[in-house]
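Undergrad: Predicted model follows, preceded by the sequence.
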Amino acid sequence: MQTIYDAKILLVDDTPELLELLQQHLHAAGYQNLTAAGNCAAARAAFAASRPDLMVLDINLPDGDGFALFRQLRAQADVPALFLSARDADADRLFGLGLGADDYLTKPFLMQELLLRIQNLLQRTYRAALQRSAPALRLGERTVELEDALVRLPGGGTLPLTATERTLLQKLAENRGHILTYDALCEAVWGQDYYGYENSLTVHIRHLREKIEENASKPRWLLTVRGIGYKLAGEDAR
């Protein structure tokens with residue numbers, strides 16, 4: 001996969017309405033390779049037909065339980081998994097994580113929280129592969145080679161990216177066309193203890209625009225979404 005949105009995601013839940021809702025929100029967020037299953041048998045068949053990159057598993061299923069299903073599928077391939085459950089007991093959560101699951105979310109949940117957890121899980125699991133497969137980033141007449149931290153100008157010259165600028169652009173490129181919050185970008189650069197770096201983010205964004213934009217004062221690619229964050233415009237931006 002070149003971006004997390006290429007990931008194949010297997011959704012397993014016995015509630016058709018929830019499965020439909022999950023697919024709608026994931027599609028809207030940019031994920032296209034989705035497979036839904038309403039029971040263990042369907043999940044096993046889907047897994048065998050096309051091994052997913054991520055599993056989202058309900059625990060209470062009509063022909064078994066998600067814990068046993070997880071063990072069966074994980075014996076075939078080390079695929080990351082997130083459990084969904086209406087059972088909020090700490091024992092269930094710890095049991096699921098103890099089996100080797102990567103995350104656990106209790107129903108009812110905010111759809112945005114699930115999307116963020118899926119995004120973080122995919123990025124964490126496949127970070128190295130995503131970086132290796134990352135193609136050159138085209139921004140109009142300029143090309144960014146993220147692996148080499150270079151911006152190639154149309155006249156043949158180059159501009160180096162600092163480590164911080166490269167990390168910011170990598171994060172934006174992985175989510176191209178989608179808004180990233182100030183918090184998400186700060187955490188990508190400075191980790192979980194990013195508080196106090198918000199003003200620094202603004203400075204780094206300005207310097208990054210000076211390198212990737214033809215006119216940094218009228219950006220075409222690195223756009224501000226007022227009050228929320230930033231996004232990298234898609235290749236069809238005008």
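TA: Noted; the coordinates are in hand.

Undergrad: Give me the phi and psi for Leu69.
TA: When read as degrees, to the nearest 10, the backbone of Leu69 gives phi -60, psi -40.

Undergrad: Spell out which residues sit in contact with it, please.
TA: By Cβ atoms under 8 Å, 6 or more residues apart in numbering, the contact list for Leu69 reads 12, 40, 43-44, 57, 61. For glycine as for every other residue, the C-beta is placed from the backbone atoms N, C-alpha and C.

Undergrad: Distance check, Ala81 against Ala101.
TA: Applying Cβ to Cβ, to the nearest Å, one obtains 5 Å for the distance of Ala81 from Ala101.

Undergrad: Overlap in contacts, the two.
TA: Both Ala81 and Ala101 are in contact with 57, 70, where contact means Cβ under 8 Å, 6+ apart.

Undergrad: Give me the more crowded residue out of those two.
TA: Of the pair Ala81 and Ala101, Ala81 is the one with more neighbours under other Cβ atoms under 10 Å, namely 25 against 20.

Undergrad: Where does the residue lying closest to that one once chain neighbours are set aside sit, in terms of helix or strand?
TA: The shortest distance from Ala81 to any non-neighbouring residue, by Cβ to Cβ, 6 or more residues apart in numbering, is to Met55 (4.3 Å). Following DSSP states H and E, one finds Met55 within strand 54-58.

Undergrad: Following element in sequence after that strand, please.
TA: Toward the C-terminal end, the helix or strand that comes next after strand 54-58 (DSSP H and E) is strand 60-61.

Undergrad: so how far is that following strand off the chain centroid?
TA: For strand 60-61, the separation from the chain centroid amounts to 27 Å (computed by Cα atoms, centre = their mean, to the nearest Å).
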